[in-house]
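# Could you look at this predicted model? Sequence included:
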Amino acid sequence: MNPFLDTPQTSPGLWALAWRRLRADRMAMVALAVVAWFLLTLLLSAAGFIAKDWDAEIGVNYAPPTFMGAQSAEERGVQGMHAAEVATPDNPRDPLRDIIRQLRAEREGGANPALVQFDDYGIADPLAAEIAEIRAAQGQRNTTAAIEKRATLPLGADKWGHDIIQKTIKGSETSIVVGLTAALLATVLGTLFGAVAGYYGKWVDDCFNWFYSVFTSVPYLLLILAVAAVLQQKGVLTIVLILGLTGWTGVFRLIRAEYIKHKNREYVLAADAIGASDLRKMFIHIFPNISHVSLVQMSILTVAFIKSEVILSFLGFGVPVGMASWGSMLNEAQNELILGKWWQLAAASAAMAVLVTAFSLFTDALRDALDPKLK
Amino acid sequence: MTAYILRRLWQMLPTLLGVVVLVFLLFNWVGGDPAYILAGKMSNPEQIANIRKQLGVDEPYWVQMWIFIKQIVTGDFGASWSTGETVKNVLETRLGPSMTVLIPLTILETLIAIGLALGVAYVRGSLTDRMVMIACTVGMSISILVYIIVFQYWLAYKLGLFPVQGWGDSLSENLFHYALLPILIALAVGIAPNLRLFRTFFLDEINQDYVRTGRAKGLSEPRILWVHVLRNASIPIVTHVMANLPSLLIGAFLIERFFSIPGIGREVILAVERSDFPVIKAITVYVAAATMLFNLLADLIYKAIDPRVQLK
């Protein structure tokens, strides 16, 4: 009896082998766990289970992290903000300068006895009762609001009292979603173009190569900024389109080379012999053999696009105002740091650094696992 | 050699034309009517018609395209839409400050990265190698924004070691006073990725036969590394450095913006913020042309490094 006939040995496929190699790499598994944790948080916040009320002002302005203890309004620099508002410098070229000065003088002279003691002349104010009522209600609401607002939050609060933890989670959602979708778009474009150019060759290849050299001769960031300048409207879709439509070149080059390598292999010739169409050969026969290249490229692009999104949003060309993103958080944090409020900066940078590190380590491991020859 | 250079220049034309068409489509077609942007919020139909006539956007597309090509060749892009300064002047005056930061930065970055990468490649696989690689990965994961914000706050604002921002008139003042911190930060950001890349270049060479031959005939390790390995690995390094030069010009835009350095990168951001299309168009086209020229230069340097390279 031949033991090999009894138990048919199925050889594990590329993905099973890659997964086995990945499992053996402890660092890769840790990195994968971190990425998975970020993705889980993203799903929960997108579904509205957590960080739903990130823009509720639940803390006092610039509430410090809990471990630092509560700070008074002066310590938080909230008073200073108002002082700064009054001390607007005089612009000698301002045509309204004199009027503003006059108005300011009137406002500062608000305690003018003649105005305040108007009632003493005995004129009855018909709205006095109502105004008093409104004032009382307003006063009450202010005090209750002050009580509800917490003096400290686990990781502090921003200028308006938004919880930094929730804001960071919401920011992660924006940044990761933008990074992933833009990377998907760029990879699909690059793979399609690369497949067509590499498979058909000749003048088709020349056309795509010309297209490629045009896109690569403009520095990537300059191209992004030029598109951002033209598109004018901000939004998640715009930024995904910008990144995706400009980022396909690297994928194209690699996929094209793979198709050139594969198109004359025996299995493709065999497919040709049984009458498979060009599309079938390209995407049913060749693509599974090179799909790992696309996957690794997509992983690399995701990291690059998350970084680009942060820079674009920081500069104000990214997500619209009122939407949390790591980039807009860093933008706010830049001014807060001068006031000594470092917690928003720390939270956004740490979240981004952890995710990007884990994602990069995972990408490296993925590449090694899928293409062991590279090592 | 001359024939080769001429042929390469000739081959650049289609690509350059492609860039021109791309930029033209982007700004004259995707972007909609520039007259509306230029006229701003307060405008009436006559004003818009006037501006359209001035810009030439009421002409057919091929005429506009011809105007654009003429602008590129003569370098006369007219005046900036927001400041009225001629675009030619904008480009000429902004190039100097950018170069003051970029030239020392590129030289230092390349040399330091080569030195460190050779060292790490020599002890490949050791604990030091792995720690340096992990440190690089972590360092690369932190946004460049964080480096700039933290270093500017801590070294310049808090400790007062450097000026927080600014730019002077004399080269030495700029180079040794204002450009120091920007260069330092750019080095902190730029060395990690270069170190990783150069290490792989050196690793490709360090197991070659000629290294063993060198050891066998008793060459010292430093001589093997710095003379033999470095020379062989320098082709991919030169490619990388040359290919990166134009994007460095733009890549330094964050640094220029934070430190108020009046360079090309800061000009790009300002122009994008103000929808100043002539400035963006001019910079895009010229930087693309510069990229192609640098690629040619890289190929010529190969020939100098490696006489086996045949320029075809």
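Done, it's in.
# Surely residue A:210 is in contact with residue B:15?
Yes. Using Cβ atoms under 8 Å, residue A:210 makes contact with residue B:15 at a distance of 6.8 Å. Yep, even glycine has a C-beta here, placed from its N, CA and C like the rest.
# Show me which of these two is the more surrounded one.
residue B:15 (22 against 14; other Cβ atoms under 10 Å in any protein chain shown).
# Determine the three-state secondary structure at that one.
helix (DSSP: H, G, I helix; E, B strand; the rest coil).
# ok, and the closest non-adjacent residue to it?
Nearest residue to residue B:15, sequence neighbours excluded (Cβ to Cβ, 6 or more residues apart in numbering or on different chains): residue A:213, at 4.7 Å.
# quick one: what helix or strand has the one you found in it?
In this structure, residue A:213 sits in helix A:202-217 according to DSSP states H and E.
# so what secondary structure elements neighbour that helix?
helix A:164-200, helix A:249-262, helix B:2-25, helix B:277-305 (3 or more Cβ pairs under 8 Å, 6 or more residues apart in numbering or on different chains; DSSP states H and E).
# hey, which of these is tucked in deepest?
The highest mean neighbour count among the helices and strands packed on helix A:202-217, using mean count of other Cβ atoms under 10 Å in any protein chain shown, belongs to helix A:164-200: a mean of 23.
# Run the contact check for it versus chain B.
No. In terms of Cβ under 8 Å from any Cβ of the partner chain, no part of helix A:164-200 sits within range of chain B; the closest distance is 10.5 Å.
# what's the distance between that helix and the middle of its chain?
11 Å (Cα atoms, centre = their mean, to the nearest Å).
# do the same with stretch B:248-258
For stretch B:248-258, the distance to the chain centre is 9 Å (Cα atoms, centre = their mean).
# Can I get it in CSV, CA atoms only?
Output in CSV follows, covering the C-alpha atoms of stretch B:248-258 (Å, rounded to 0.1, in the frame of the first residue of the first chain):
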residue,chain,number,x,y,z
LEU,B,248,13.1,68.2,-1.6
LEU,B,249,12.5,71.7,-3.0
ILE,B,250,8.8,71.3,-2.4
GLY,B,251,9.2,68.9,0.5
ALA,B,252,10.8,71.6,2.6
PHE,B,253,7.6,73.6,2.2
LEU,B,254,6.4,72.8,5.7
ILE,B,255,9.7,73.9,7.2
GLU,B,256,9.8,77.0,5.1
ARG,B,257,6.2,77.8,6.3
PHE,B,258,6.9,77.2,10.0
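# tally of neighbours for the closest residue to residue A:196 other than its chain neighbours?
Leaving aside its chain neighbours, residue A:196 sits nearest to residue A:204 (6.3 Å; criterion: Cβ to Cβ, 6+ apart). Neighbours of residue A:204 under the rule other Cβ under 10 Å: 13.
# ok so, going back, next structured bit after the helix holding residue A:213?
Note on helix A:202-217: by DSSP H and E, the next helix or strand toward the C-terminus is helix A:220-231.
# if I read this right, residue A:369 contacts residue A:15, doesn't it?
No. In this structure, residue A:369 is not within contact of residue A:15 by Cβ under 8 Å, at 9.8 Å.
# just to revisit the earlier point, do you know how far the residue nearest to residue B:15 is from residue A:300?
21 Å (Cβ to Cβ, to the nearest Å).
# Same question for residue A:328.
25 Å.
# When those two are compared, which one has more neighbours?
residue A:328 (23 against 20).
# That one touches residue A:315, doesn't it?
No. At 10.2 Å, residue A:328 and residue A:315 do not qualify as touching, with contact defined as Cβ under 8 Å.
# Around chain B, which positions in the stretch 201-350 of chain A sit nearby?
So far as Cβ under 8 Å from any Cβ goes, the stretch 201-350 of chain A lies against chain B at A:210-211, A:213-223, A:225-232, A:307, A:310-311, A:314-317, A:326-327, A:330, A:333-334, A:337-338, A:345, A:349.
# now those: which count as buried?
A:211, A:213-223, A:225-231, A:307, A:310-311, A:314-317, A:326-327, A:330, A:333-334, A:337, A:345, A:349 (16 or more other Cβ atoms under 10 Å in any protein chain shown).
# got the residues of the stretch 1-150 of chain B near chain A?
Residues of the stretch 1-150 of chain B lying near chain A (Cβ under 8 Å from any Cβ): B:14-16, B:18-19, B:22-23, B:26-27, B:30-31, B:37, B:137-138, B:140-146, B:149-150.
# redo that, cut-off 6 Å
B:15, B:18-19, B:22, B:26, B:30-31, B:137-138, B:141-143, B:145-146, B:149 (Cβ under 6 Å from any Cβ of the partner chain).
# In those, which has the lowest confidence score?
Taking the residues of the stretch 1-150 of chain B next to chain A together, the minimum pLDDT is found at residue B:31 (64).
# Next, the distance between the ends of stretch B:166-185.
Stretch B:166-185 stretches 16 Å from its first residue to its last (Cα to Cα, to the nearest Å).
# Tell me how far that stretch lies from the chain's centre.
19 Å.
# Low-confidence bits of the stretch 1-150 of chain A, can you list those?
The stretch 1-150 of chain A contains residues with pLDDT under 70 at A:1-9, A:51, A:66-70, A:72-98, A:100-101, A:104-126, A:138-150.
# Repeat the analysis, applying 90 as the threshold.
Flagging of the stretch 1-150 of chain A using pLDDT under 90 yields the residue ranges A:1-32, A:35, A:38-39, A:41-150.
# can you give me the helices in the stretch 101-250 of chain B?
B:127-141, B:144-151, B:171-173, B:180-206, B:209-216, B:221-223, B:230-251 (DSSP state H, counting those that start in this stretch).
# and residue B:309, which of these is closest to it?
Of all the helices of the stretch 101-250 of chain B, helix B:230-251 sits nearest to residue B:309, with 7.9 Å by Cβ to Cβ.
# What helices and strands are in contact with the helix or strand following that closest one?
Downstream of helix B:230-251, the next assigned helix or strand under DSSP H and E is helix B:253-258. Applying 3 or more Cβ pairs under 6 Å, 6 or more residues apart in numbering or on different chains; DSSP states H and E, we find helix B:253-258 packed against helix B:264-273.
# Could you check how many residues crowd around the residue of the stretch 1-150 of chain A found nearest chain B?
Proximity of the stretch 1-150 of chain A to chain B (Cβ to the nearest Cβ) peaks at residue A:27, 8.9 Å away. Around residue A:27 there are 14 other residues, counting by other Cβ under 10 Å.
# Identify the residues contacting residue A:175.
A:306, A:309, A:325, A:326 (Cβ atoms under 6 Å, 6 or more residues apart in numbering or on different chains).
# these two touch, right, the third one and residue A:312?
No. Between residue A:325 and residue A:312 there is no contact, the gap being 9.3 Å when judged by Cβ atoms under 6 Å.
# more neighbours, those two?
Each of residue A:325 and residue A:312 has its neighbours counted (other Cβ under 10 Å); residue A:325 has more, 28 against 25.
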